[in-house]
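Peer 1: Sequence and predicted model, in that order:
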Amino acid sequence: QGLSAEEAAQLRAEIAALKAQVSKLESRLDGVEAAAAAPVPAAGVVPGTPAPAQVASAAQPETKIGWKGSPLFSRGDASFKVKGRIQYDAGYVSAPKSVNDRAVGFSNELRRLRLGGEGKLGGGFGYKLETELSDNTVDLVDTYITYEHGKWLVTLGNHNQFQSLDELISDTAGSVMERAAFTDAFGFERRLGLSVQYQNGPILAQGGIFSDSADSLTNASDGPNGGDENNSFGLDGRLVFAPKLGPVQLHLAGSYHWRDFKRLSETPQRYRQRAFLHSINSRFLSTQAISAEGESHYGAEAGAIMGQWHVAGEAHWLRVFRPGLADPTFFGGYAEIGYYITKGDSRPYKAGIMGTADPKNPVSKGGPGAIQVNLRYDYLDMNDTGIIGGKQNAYIAGIIWTPINYLRFNMNYAHIRYDDAAILAGTRADYGVDVMGVRAELDF
Amino acid sequence: QGLSAEEAAQLRAEIAALKAQVSKLESRLDGVEAAAAAPVPAAGVVPGTPAPAQVASAAQPETKIGWKGSPLFSRGDASFKVKGRIQYDAGYVSAPKSVNDRAVGFSNELRRLRLGGEGKLGGGFGYKLETELSDNTVDLVDTYITYEHGKWLVTLGNHNQFQSLDELISDTAGSVMERAAFTDAFGFERRLGLSVQYQNGPILAQGGIFSDSADSLTNASDGPNGGDENNSFGLDGRLVFAPKLGPVQLHLAGSYHWRDFKRLSETPQRYRQRAFLHSINSRFLSTQAISAEGESHYGAEAGAIMGQWHVAGEAHWLRVFRPGLADPTFFGGYAEIGYYITKGDSRPYKAGIMGTADPKNPVSKGGPGAIQVNLRYDYLDMNDTGIIGGKQNAYIAGIIWTPINYLRFNMNYAHIRYDDAAILAGTRADYGVDVMGVRAELDF
Amino acid sequence: QGLSAEEAAQLRAEIAALKAQVSKLESRLDGVEAAAAAPVPAAGVVPGTPAPAQVASAAQPETKIGWKGSPLFSRGDASFKVKGRIQYDAGYVSAPKSVNDRAVGFSNELRRLRLGGEGKLGGGFGYKLETELSDNTVDLVDTYITYEHGKWLVTLGNHNQFQSLDELISDTAGSVMERAAFTDAFGFERRLGLSVQYQNGPILAQGGIFSDSADSLTNASDGPNGGDENNSFGLDGRLVFAPKLGPVQLHLAGSYHWRDFKRLSETPQRYRQRAFLHSINSRFLSTQAISAEGESHYGAEAGAIMGQWHVAGEAHWLRVFRPGLADPTFFGGYAEIGYYITKGDSRPYKAGIMGTADPKNPVSKGGPGAIQVNLRYDYLDMNDTGIIGGKQNAYIAGIIWTPINYLRFNMNYAHIRYDDAAILAGTRADYGVDVMGVRAELDF
């Protein structure tokens, strides 16, 4: 037998109840979908995960919010992120008692303070707009417009001229507090220019034409070094070969740079360098003033990353063109080795430079953060063809603690041996100084 | 016959399964609705589309994210947006060989670099806070608090005094790289003040009382031109009639300005102008130093936009009040015509000024962007009552490519004919210069 | 009888339709849930309301958007907010006719202009990065890294040294336009340093070691007061007891500060103060130049908030260490009473300082905003041991209108009686001035 009358009535009631429930569900779902589709739901970026069709069919593309120290907003192929940086340095310089210079002893400063933004406008166009504000004035750092198309990247504005690995590595990703002595001594800085970059697998080629730094082209700096009086220009190129050999990321590169000082030749050049710490302004090494028409410089770079280890080294030569006199060639270079004692941490490598580890076990998850130990030998020789700029042999040891991504504490010790120093120890120009430095740095 | 026992059992099973499904759906929907209502879903602004009732009943108003080059956040009647601007200029000045000035030849600079924000606090109150950072110092540009009520807008802080159409049009929306010669020559700048604006259909009335530029009222600029020594003030007004006649947007306006230099009269005035390019600082036109107690200036504006075409022209007179001497009156003006060769592109018009086209077919959608061709005649005469400030007749041609909204490339050529120039070509003060200029500009 | 064949067919059809409906509902719900879970829905922060489990189980934590004048983004224990501030001042100083100083009469200025950001990186680490841009230069204000753990807060960077209640209260939350005379006269400013704060119930203990202001440690300020020549340092501590007695929030505190000028002792100190308004730079009170090796200062604070009322008072002594001469001690203090005439408005109290009311009935809801009336007596005596820095007895009345949170209009009148003023009225050093001041201020 089939159904009793009672059973049939019960079935009908159940079906009616189900119908009512489903109808109610449908109208609730209408509401939720409308809410999701219309004012656009999104926030939180999952790369490569497009929103489902029902939602994506909304007229407006949705804004997604990722997080890189601060929120990264994106909408279609446009994006925006506020950028900032704080670096606080303190240090102590110990020198022979006969060195009568204010650099000796304790010093501290806000090393860097940056505020700006970066983003994309869509269609391949993007920008970075960053200002350096730590020195009571506005220094113009990365401030440029980019166009990216496949393997090509065009950059117009104030940016680095692919000078050297150590110069190009971010100051918040370096292995020790300050870059190699030759980078400051040779006057590396960002300049206004137009460059093109091509990347294909392990090959990266970079080249551009540059005028002078945005800072020295302002009205405020008008005069022999600035404004419309400054028509200096230069050409710069760098070639990187960075194959991945099993677990090893290799880095091999060379760069060449040529510059015509043009009207800047009316004021002489000086090549100088501090005693590692930036909070002191005394230059222990310094050439005399050199009348020059231009300069060329060229360097070789090598490095490797394997798991927690990395090594890097550079050699860089600067030649100064003196009219009617022999051209001096100065030389600088360094070699370093670093090791993360925290398991699983490793320097990342991207676009021809090394970065700093995003800790595998940050303190926010109860871990120790990342701890890296680095040793560097840093050499500079600015004695040539009668120019006595001095020499340094520096031995630097550093330990970096990264408790959480975007924050680092850097503690450094350096012993620097000078020959022909610009600051005398009594009557001696050959002596050693010891430097302790600590840095807290945060960027987003 | 009705149902077999087997069929009945099957029906029962189906209904039980449906019940389970519906029950599961209900609890899933509970979750989704809770998520939507409680932490507020939204992001992505659809103007005028309120969120559905289920969602809107949440206690917190939701934050919506629109996009105008960078994200525009809004919540109820409050809003916020980060603002930035990069302008990079390069140019070449060609003059008679007898002109011995460093302006001749190549020059380049970061023309403008801005960072700031704008927003609304609610209740009709809003603000703009923008800094100009391109010159190694902080120049204070639009920095004000506003109150909007119906057709009325009150502005308090550093802002423009409704000087002229060309001055008021954004520097990222102009038809050529630099504004008309009279705008700089007559010293137009933002100043601290209180203004009221009333807009009703085609009528726009603007008026205010102003002191001096925020820059010249700082402690840093204390002295004859700054700080507490500067008590100069002025009154400014502008009236616009801008009817829409069929397809034509008409613009007719007049403005009047009066200023008492007060203590500023202790230092004489100079009225000067560059040779179109800003990257050179040499002023080819310049009056001698003029002892003055104040000044008045007044101008007439006319313009029209019709589809891809626009025309605009202004005439502006500046009178300098000299104690005990005849008051010189200087005159400047321009006339221009522009045409978008890309179909469908047109200059927008809003609040008494013209803008720049948001490309109908941007490169991000595979189009050419917007391309506009402009021609301008720019006249300035600063010779009067014995003052020899010189005259210029400039013919300027420009082409602007806007590949995508918020990004423009501007290429200009100008031939400028000088009479009584401040920079001599040998012994001649009457000669011509040719100027090429390119600008890349991005703002958000 | 059970079911007719017709009825059975109808039931089957209904069940089939329900199945189809439910299946469709399920796939719609799949879409909505995917949209909600994957790119993360959220925006709009509801403190303490975690997202429901279905959503929270997404791999990416969601970004929430709160609003504090501008959006406050948060994601897990990380957060970010852009910060800005505009203060516009205008004032009038009325003095005896025999006072021949440019401070007399009208003056105005952008009092403060700030731009920056603050946020948290997670793991207890946070930061504030703020720049003061109103003076054409970059002044470094709050710029520090923090670490918070339970009741402990560690701060490293440029920050206040817990000098006094009036100095620590935000300049946008004060009862009158400018702080008590002693705070500027005694040179209170933010300095680079490391401090620790401990809060437990009504007890707040703060202490730190500081060098000098970031501004005076820059390369730009290198020389006797800056760069590596400045090795001054000091120790600072403050203890607050702030019990809640029924409806009364009590505040009792004391602070002690000691500083060794070190190399700064090579340039003499001057202790000075304006006539209330900051837009004038003339110092009506000023000591002669004092050769000193260091200083100590200490103060007592008391205050109470009860509903719409508040009272506050401080006494602060500064002792200057003069080698070989008697140490002068200067004294300053104030007492004030304030009352919100708008019902329900009250000064908040948090972390040892008083704030300003978030209006109960803001204009955005049709209310009057918050209106507060304040009276302050402000005393300063810089005459001691032969130093004649002068005395002031100032009577200040102020009214503050807060139409909506983050926006205030402040109108002040002050009568200041001087003894031994640095600016003479003819031959008299004892006279009175009257000061009117208005401020519009906005911060986010």
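Peer 2: Received the coordinates, thanks. Numbers count the residues shown, from 1 in each chain, chains lettered A, B, ... in the order given.
Peer 1: Check which helix or strand the closest residue to residue A:22 other than its chain neighbours maps to.
Peer 2: Using CB to CB, 6 or more residues apart in numbering or on different chains and skipping residues adjacent in sequence, the residue nearest residue A:22 is residue C:21, 5.0 Å away. For glycine as for every other residue, the C-beta is placed from the backbone atoms N, C-alpha and C. Under the criterion DSSP states H and E, the helix or strand holding residue C:21 is helix C:5-37.
Peer 1: Who are the packing partners of that helix?
Peer 2: In terms of contact count using 3 or more CB pairs under 8 Å, 6 or more residues apart in numbering or on different chains; DSSP states H and E, helix C:5-37 is assigned the packing partners helix A:5-37, helix A:53-56, helix B:5-37, helix C:53-56.
Peer 1: any weak-confidence spans in chain A?
Peer 2: Low-confidence segments of chain A, defined by pLDDT under 70: A:1-3, A:30-60, A:223-227.
Peer 1: all helices of it, in order?
Peer 2: Ranges of helices in chain A, per DSSP state H, are A:5-37, A:53-56, A:165-168, A:181-185.
Peer 1: Leaving out the residues flanking it, which one is nearest to the residue nearest the centre of chain A?
Peer 2: Nearest to the centroid of the C-alpha atoms of chain A, with distances taken as CA atoms, centre = their mean, sits residue A:170, at 2.1 Å. Setting aside the residues directly before and after it, residue A:170 is nearest to residue A:355 in space (CB to CB, 6+ apart), at 7.3 Å.
Peer 1: Would you state the strands of the stretch 101-250 of chain A in chain order?
Peer 2: Remark: strands of the stretch 101-250 of chain A, listed N- to C-terminal, are A:105-122, A:125-132, A:139-149, A:152-159, A:191-200, A:203-210, A:233-241, A:244-245, A:248-260; assignment by DSSP state E, counting those that start in this stretch.
Peer 1: ok, the fourth one: who's next to it in the sheet?
Peer 2: Just to be clear, that refers to strand A:152-159. When pairs are called by DSSP bridges, strand A:152-159 turns out to pair with strand A:139-149 (antiparallel), strand A:191-200 (antiparallel).
Peer 1: Which one of the residues in the stretch 251-400 of chain A is closest to chain B?
Peer 2: residue A:263 (7.1 Å; CB to the nearest CB).
Peer 1: so that residue touches residue A:216, yeah?
Peer 2: No: taking CB atoms under 8 Å as the contact criterion, residue A:263 and residue A:216 are not neighbours in contact, 11.6 Å apart.
Peer 1: and the residue of the stretch 101-250 of chain A nearest chain B?
Peer 2: With distances taken as CB to the nearest CB, the stretch 101-250 of chain A approaches chain B most closely at residue A:123, which sits 3.4 Å away.
Peer 1: measure that residue to chain C for me?
Peer 2: Applying CB to the nearest CB, to the nearest Å, the value for residue A:123 to chain C is 23 Å.
Peer 1: doesn't residue B:361 make contact with that residue?
Peer 2: No: distance between residue A:123 and residue B:361: 11.2 Å, which falls outside the contact criterion (CB under 8 Å).
Peer 1: So the two - more neighbours on which side?
Peer 2: In terms of neighbours (other CB atoms under 10 Å in any protein chain shown), residue A:123 is the more surrounded of residue A:123 and residue B:361; the figures are 23 against 15.
Peer 1: Once you drop chain neighbours, what's closest to that one?
Peer 2: In space, residue A:123 is closest to residue B:364, 3.4 Å off (CB to CB, 6+ apart).
Peer 1: For residue A:390, list the residues it contacts.
Peer 2: Contacts of residue A:390 were listed using CB atoms under 8 Å, 6 or more residues apart in numbering or on different chains, and they are A:284-286, A:382-383, A:418-422, A:429.
Peer 1: Columns distance to residue C:92 on top of those, output as CSV?
Peer 2: Shown next, in CSV, are the contacts of residue A:390 (distance: CB to CB, whole Å):
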residue, distance to residue C:92
A:284, 55
A:285, 57
A:286, 54
A:382, 61
A:383, 66
A:418, 61
A:419, 66
A:420, 64
A:421, 59
A:422, 56
A:429, 63
